[in-house]
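Engineer: quick one, what's the 3D model for this:
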Amino acid sequence: DGQNIVVAGMRNIKTTADIQSKDMKVIGTRMIQPKNNGYKPAGTGNIYYGSNIFTDMVLQYIQTGIMPQFNIQITNSDPTTSVGSQVMAYYGCTLTGTIPLSVLDSEETMLNYDFNFTYTSVARLSAFTDPATLGQ
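Structural biologist: Numbers count the residues shown, from 1 in each chain. You can find the predicted model right below:
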């Protein structure tokens, strides 16, 4: 809904692009080689329980049948290295799989849960700088 929200309770996040392929027979040979024909975008993460953002999305889906979309921007930066930072943006994200609506565990100090999502497009907004000593 046009909001920018810093998800401070995020413990980790990982995005993937699973390259899909089909076997292809090469004419005039007995060789069968893979031919890339697409990718499956996905992501996983872990968030501390206490943020309403994903619960609100699931409840909206349950009540209206409309799954809200969101965008994610991830910045990797380590000022102690010469590679600088990288910023990746993921657009058209939607939750998938199981999202808990309630969590109660007296054995845990900080409650958290895993979540899954998919995205429709990705862009690298800024890239790492190649290390000055690469290959030396």
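
Engineer: host element of the residue lying farthest from the centre of the chain?
Structural biologist: Centroid-distance maximum for the chain: G28 at 42.3 Å, with C-alpha atoms, centre = their mean. Assigned by DSSP states H and E, G28 falls within no helix or strand.

Engineer: pLDDT wise, what is it at?
Structural biologist: pLDDT for G28: 91.

Engineer: right, and the helix or strand after the helix or strand hosting M57?
Structural biologist: Using DSSP H and E, M57 sits within helix 53-64. Later in the chain than helix 53-64, the nearest helix or strand by DSSP H and E is strand 70-77.

Engineer: for that next one, which strands pair with it and how are they oriented?
Structural biologist: strand 85-96 (antiparallel) (DSSP bridges).

Engineer: pLDDT below threshold where in the protein?
Structural biologist: When residues are selected by pLDDT under 70, those of the chain lie in 7-8, 134-136.

Engineer: swap in 90 and give it another go.
Structural biologist: Along the chain, the parts satisfying pLDDT under 90 run over 1-11, 26, 48-53, 76-84, 103, 108-110, 112, 128-136.
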